[in-house]
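[1] Generate a structure from the sequence data that follows.
(chains A and B)
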There are 2 protein chains.
Amino acid sequence: MFAVTILGNNSAIPAYGRMPTAQVVTLNDQQFLIDCGEGTQMQLAKYKIRKSKINHIFISHLHGDHYFGLIGLITSMGLLNRENDLHIYAPAGIEQIIQLQLQVANITLPFSLFFHVLHTEGILINENKFSVECFTVQHSIECWGFIFREKKAPRKIDKEKAVQYQIPAAFYNQLKEGLDYVTKEGLIINNKDVTTTNIPARSYAYCADTKYFEELIPKVKDVNVLYHETTYLKDFEEKAILRFHSTTHQAANIAKQCNAHKLLIGHFSSKYENLDQFLTEAKEVFKSTELAIEGVCYNIL
Amino acid sequence: MFAVTILGNNSAIPAYGRMPTAQVVTLNDQQFLIDCGEGTQMQLAKYKIRKSKINHIFISHLHGDHYFGLIGLITSMGLLNRENDLHIYAPAGIEQIIQLQLQVANITLPFSLFFHVLHTEGILINENKFSVECFTVQHSIECWGFIFREKKAPRKIDKEKAVQYQIPAAFYNQLKEGLDYVTKEGLIINNKDVTTTNIPARSYAYCADTKYFEELIPKVKDVNVLYHETTYLKDFEEKAILRFHSTTHQAANIAKQCNAHKLLIGHFSSKYENLDQFLTEAKEVFKSTELAIEGVCYNIL
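    Model prediction:
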């Protein structure tokens, strides 16, 4: 499974029951939290996502609507006697904020908390089947996006055919990697004749809070699902520039240029009660757009 | 009007949709926030209590379920262009926590924030018609309770009678204070014959998180409404002692001994889904008990 569940889709001030930013990425039976606005622990409970399953939390930047829920989540994990390590990937500053709050309450957590300061673009987590990378976006303070990428799955050997072509078992690993086999006689056995593709590797990019930033395009090239903020409708481009945020058309333009399969839009300004216009406008530029709606789980396809 | 509205009634870990501690006291067209657990700004919005009306916030202690919502509330007030001063009454430590979080986000608030460190029992606010006092309770870390007291209203002069008894207008202020008038001939005009009582002064005491603490009794003597925590049912007295919390019977015993008109119980442990037993048990000792239920506004009578 590879999916993202939205826990909050609003910008700075919570409004109309919309909560600040938080998302859970489910990937290969692991769950990753991206951003952690105020109330995230309640949202996790509401959508029956177990806090204990989360071992990695990614914080894009230190505006409160993206991290004020972190201390509450951490202390609740402690009260629930968590034992597993918890890793926090965030800009510098978060460790001091968390430790200070633990200290004034005399709290010693029953688990280890590891803070990983974001400083260069690149891989944060590298596992057998997937990786998580960070990249910079352009906001009013230091701000990071995150990409979750499945690794290319090995090709699947059609054993009957491999035997038929007399390919030695010692070569099977190379077959899985996509290499052709060359017989002693110099005959080339085309890899595709003896293997089949597994599901192609998918990817999800979360672009956090950012102004329209074309340098993003190569960073998120060809992702399956692109999450891009749309704090404002297209008419508010000037305000968007001023506040380092994006409009619907700007987000959709990035999605189009980076060749995403799907665009997910969120981080809506509290000035808007109804969100329909966001979808309409984004679709004018990029058809395959969806609103990031609280509680909805979007498959990465 | 003198009333308290409950925004959260749960203890440390939010559970069953119950939120952490926060209450709003409405007194003479002013609103005061007591404690500010995570999500308080959303709860204020839910119950249509305007953030802009709150000028004073009282934080009992620095356990997260009593203050993690403060930074979110303050920053939202800033984003909404608040101009009025905001006063925070809290144990030492809160200022550093708030300032650090404003600093990492480069936030300059458009209003002045005043931190008043709680250090001695006594009056925090003294206005014409009411006062707010703080007093210590006994918890695992430094912890404070708060009493809101209306001042004794002046007695109302029955002008017809005052004229009839030939009391000079120059003595009217003394009449309002309850003094008898003595005529030149030495005749005593009983104050009660020429004045009537206004509504008696009412009071509300919030006892925060505390173990059973008999020293509380004189501090909250004769209050109209006593809010006392009941984290546990009566069978968990040992656990309550260990964690510096109280049981139903303990809270009700304090209410009985201090001669409160009414007891309001809250801060329920997340181990309990149903709260009926809390009410039943407290009433075994003190009949005039109510559960502190989210969204309910309790008149102070």
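[2] going forward, measure contacts and count neighbours with C-alpha atoms only.
    Fine.
[3] How much space separates the residue in the stretch 101-250 of chain A that chain B sits nearest to from residue B:141?
    Nearest to chain B in the stretch 101-250 of chain A, going by CA to the nearest CA, is residue A:105, at a distance of 5.5 Å. Distance of residue A:105 to residue B:141, computed by CA to CA, to the nearest Å: 7 Å.
[4] The residue nearest to residue A:159 when sequence neighbours are not counted: neighbouring residues, count only.
    Computed as CA to CA, 6 or more residues apart in numbering or on different chains, the closest residue to residue A:159 that is not its neighbour in sequence is residue A:194, at 7.5 Å. If you count neighbours by other CA atoms under 10 Å in any protein chain shown, residue A:194 ends up with 24.
[5] Wait, residue A:194 touches residue A:155, no?
    No - judged on CA atoms under 8 Å, residue A:194 makes no contact with residue A:155 at a distance of 9.6 Å.
[6] Now for residue A:105 and residue B:141: what residues contact both?
    By CA atoms under 8 Å, 6 or more residues apart in numbering or on different chains, residue A:105 and residue B:141 have these common neighbours: residue B:62.
[7] what's near enough to touch residue A:217?
    Residue A:217 neighbours (CA under 8 Å, 6+ apart): A:254, A:257-258.
[8] if we go to 6 Å?
    Residue A:217 makes contact with residue A:258 under the criterion CA atoms under 6 Å, 6 or more residues apart in numbering or on different chains.
[9] and it, which of the three is it?
    Here residue A:217 is recorded as helix under DSSP: H, G, I helix; E, B strand; the rest coil.
[10] what's the residue nearest to residue A:159 in contact with, if anything?
    A:158, A:161-162.
[11] quick one: it from residue A:167, how far?
    Counting by CA to CA, the gap from residue A:194 to residue A:167 is 9 Å.
[12] how does chain A divide into domains?
    The record's domain parsing of chain A by automatic domain parsing lists A:2-153+A:204-299, A:156-196.
[13] Pick the most deeply packed of the ones you listed.
    domain A:2-153+A:204-299 (a mean of 20; mean count of other CA atoms under 10 Å in any protein chain shown).
[14] re earlier: Serialize the domains of chain A to a markdown table and add fields for distance to residue B:37 and mean pLDDT.
    Output for the domains of chain A, formatted as a markdown table (distance: least, CA to CA, whole Å; pLDDT from 0 to 100):
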| stretch | distance to residue B:37 | mean pLDDT |
| --- | --- | --- |
| domain A:2-153+A:204-299 | 9 | 96 |
| domain A:156-196 | 53 | 93 |
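[15] check which helix or strand covers residue A:281.
    helix A:276-285 (DSSP states H and E).
[16] just checking, next helix/strand downstream of that helix?
    strand A:289-291.
[17] Show me what that following strand is packed against.
    strand A:262-266 (3 or more CA pairs under 6 Å, 6 or more residues apart in numbering or on different chains; DSSP states H and E).
[18] Sheet-wise, list the partners of the strand it packs on with their directions.
    Taking DSSP bridges as the criterion, strand A:262-266 forms sheet pairs with strand A:225-229 (parallel), strand A:289-291 (parallel).
[19] what does chain A put close to chain B?
    With the criterion set to CA under 6 Å from any CA of the partner chain, chain A comes near chain B through A:13, A:39, A:62-63, A:76, A:105.
[20] Just to be careful, could you list which of the residues you listed are in helices?
    residue A:76 (DSSP state H).
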